[in-house]
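*Asks:* here is a sequence with its predicted model. Questions after.
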Amino acid sequence: MKKTGVVISVLTIQGLVQGVGFRPFIYRIASEMGISGEVDNRNNGVCIRAALTALQREQLIGRIRREHPVVASIHRISVSEIVMKENPYTDFRITPSRSDSDEVTQVAPDIAVCPECLRDRKAQPHRLQYPFINCTLCGPRFSIICDLPYDRRQTTMSAFPMCSECRKEYTTVSDRRFHAEPVACNHCGPSYYTLYNRETLTDYPELLALSSRLLGEGEVIAAKGIGGYHLVCDATNEQAVARLREIKQRDGKPFAVMFRNPEQVRQFAWLNEVEEECLLSWRRPIVLLKQRRPLAASVNPGMQTLGCMLPYMPIHEDWFERLDTPVLVMTSGNLSDCPIAITPGEAERQLAGKVPLLLHHNRDIHNRVDDSVLQVCGGQPCLMRRSRGYVPEPFFADMPVEGILAFGAEKVNTFALGKGETILQSQYIGDLKNWETYQFYTESLERFRHLFRFRPSRLVCDLHPDYLSSREAERLSSDLHLPLLHVQHHHAHAAACMLEYGLDEPVIALVLDGTGLGDDGKAWGGEIFLCDRRSYKRLSHLEYVPLPGGDKASTEPWRMAVACLWHYFGEELPFPSGFVQRIGEAKIQMLLKMMEKGINTPYTSSAGRLFDAVASLLGVCDVSTHQAEAPVKLEQLASDEHQSRYSVLIEEEVISMRPVLKGILEDLNAGVSAGDLSARFHNTLSWLLLEKAKLYRLQTGVEKVVISGGCFQNKRLTEQLQRMFAKENIPLYVPGRIPCNDGGIAVGQLAIAASLYEGK
């Protein structure tokens, strides 16, 4: 018998739809269209229930897709119907959030302060100069959320009851702060405070004047931000930046800088249209730019790039209004190798007595998040560190991923978990060999599991048994009696890029990085695979060379220079002029004996170590003060000489670098500049990769080529490949949303595990 009554349409909208003003947006367009019904937040998204004609439903869905808030993104709109005896709705309303399943919606990343809020803090009496102003279009999100659905009571803002004025805005449909969960003002919201000269200060104008004065006098201060503390100083003041290096215990790693506006960025760096779009986006990442004019020498010693960002908090804007400098150093508030501090206690323990001012605020940070870093390669934004502004925005998978937990790599670590058909990647964690960072890792893993109602059923980790991430996976596998899959490192690199582009087919994968354990027990890192997401075949690789001292070789590139010459030229050892004098005869002889006797000398095919060797032979970098210093300096040294290269045999499975090193040494002796030699080395590697790809495409019939691995953070190398492959009309896939470095390994691990488990 046919049911009679009123048909109610149920629209479930999934995507980034909570914490971005989506319910107020739905309310407004429904009211404009004369629709009666309700909208609420659910664990799995936003749900609309309304009595709609077929035409109204089509028009409503069209408007939702076209007009949604700029920060929002829609993955799917599902439609169903229920029949009720009568229409229960006389108007349209926002109803309380519901928590009715273990499904979860997207959680918004933290959003830079919007122009409207910056104007409001100069006009609204209760928000004049208020440093924590926000609305449905901006403000903290991931950093403050403790649980879902996204409501104020589930965030660290629950400690701040709204005043009557904020409550009125929160409940007024026409207001931009309608259901803005972190809404606050000078009367009821978070505030800054400090203990300075034994006196507690809480007045924001006074704190602003004090911090600005100290910065103007060349001091270094610490200030709590959205995802953690920053250390701040004038980037044009060499004495201040040098002092900052002492505080951070950081020798040569470049500092990120914050400019007043894009016009000031252009004074010191080259800026194209895509780079400017990235800088100005609501995500506000650090963007690596080619330097135009120098800042203080200690900002980026020996480098020709600047990590630049723009203000994303009101206090940043306030500082620039009061300071003469156009640029501030803005680096994470922690000692070297420790995670960014997020509590006053952590900041005090690490920084008290080292800076004259520790500027705290009383809004708790629940989720620690560093600034994100990207660079633009060939017009494509490529993330290098995925954190604030991006996390926890998921990747949508083209296969079931529910219950899979991927533990990631050892360095530049992130982890990832599969929820339904989405992959949720953690914020940047760091190097797990540091105890504090490992604690951050396990803490974040537990918080992600809680926030996203995640119950692991399958685990996946790196092939290397000594990675702390692998050990954590083994522990959890044992404790929970769950199956654990070990995935080869470079296969995970390739799979991450494949997942980003939805490639579920065989590809040629060019994977170059520092190191990853291979199937044969050696350290791989210069690999060419034929692979899909389930399996791989190693088609070719760089010839194995000694790695004297193991991990020590990655911090002392001179070791790789000696190792390569010893491996390829035997006792001749044709050291370039000045090399022995720089390194010392005794150290070289010690290393030669180590290799001859096989003491602590594993073998590697690493492209990263090849870059190290060439950098040292050219006198660019013999000892690294931070990760990848030698390859980065070698890249930045390269001249614009684009044509010449060295000979390499492409037909052989094992690629010998002997002809390349021989050519470099001969050119050095002939007086060719180091800049031209670096260019020729890059040209050779690019040509080699292209020719290898062409060869294997012919042999296998596979059309598409992916690249991944930390070596492709090399902008010159990546852009050369983009141009060369485009000229040959070969599809080349370059990691963009997922970092090509080890920060993308967890996503690749998860993709492989899901593919292997699919259908089982």
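*Replies:* The structure has been received and is ready for your questions.

*Asks:* ok, now how distant is the closest residue to residue 514 other than its chain neighbours from residue 424?
*Replies:* Excluding the flanking residues, the one nearest residue 514 by CB to CB, 6 or more residues apart in numbering is residue 608, at 3.6 Å. C-beta here means a position set from N, CA and C on the backbone, and glycine is covered the same way. According to CB to CB, to the nearest Å, residue 608 stands 29 Å off from residue 424.

*Asks:* now do residue 168
*Replies:* 36 Å.

*Asks:* quick one, which of these two is more surrounded?
*Replies:* Neighbour count, other CB atoms under 10 Å: between residue 168 and residue 424, residue 424 has more, with 25 against 12.

*Asks:* low-confidence stretches in the stretch 551-700 of the chain?
*Replies:* By pLDDT under 70, the low-scoring segments of the stretch 551-700 of the chain are 642.

*Asks:* do a quick rundown of the helices in it.
*Replies:* 552-555, 557-569, 579-583, 585-597, 607-617, 629-637, 658-669, 674-700 (DSSP state H, counting those that start in this stretch).

*Asks:* mind checking which of those helices is nearest residue 95?
*Replies:* helix 629-637 (53.7 Å; CB to CB).

*Asks:* got the contact list for that closest one?
*Replies:* Residues outside helix 629-637 that contact it (CB atoms under 8 Å, 6 or more residues apart in numbering): 252-253, 302-305, 557, 608, 611-612, 614-616, 618, 620-621, 624, 674-675, 678, 681-682, 711, 714-717.

*Asks:* whichever of the residues you listed end up buried, select them in PyMOL.
*Replies:* Those of these that count as buried under 16 or more other CB atoms under 10 Å are selected in PyMOL with:
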select buried, resi 252+253+303+305+557+608+611+612+614+615+616+618+620+621+624+674+678+681+682+711+714+715+716+717
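
*Asks:* could you check how far residue 110 is from residue 616?
*Replies:* 41 Å.

*Asks:* let me fix that, I meant to ask about residue 400.
*Replies:* The value you get for residue 400 to residue 616, if CB to CB is used, is 48 Å.

*Asks:* can you give the domain ranges for this protein?
*Replies:* In the assignment given by automatic domain parsing, the structural domains of the chain cover 6-94, 107-190, 192-361, 382-501+742-757.

*Asks:* most tightly surrounded among those?
*Replies:* The highest mean neighbour count among those, using mean count of other CB atoms under 10 Å, belongs to domain 382-501+742-757: a mean of 22.

*Asks:* that one - what's its average pLDDT?
*Replies:* Across domain 382-501+742-757, the average pLDDT comes to 96.

*Asks:* so how far is that domain off the chain centroid?
*Replies:* In terms of CA atoms, centre = their mean, to the nearest Å, the centre of domain 382-501+742-757 is found 14 Å from the chain centre.

*Asks:* and stretch 320-334, by the same measure?
*Replies:* With CA atoms, centre = their mean, you get 22 Å for stretch 320-334.

*Asks:* likewise stretch 536-553?
*Replies:* 27 Å.

*Asks:* buried residues in it?
*Replies:* 536, 538-549, 553.

*Asks:* in helices, which of those fall?
*Replies:* residue 553 (DSSP state H).
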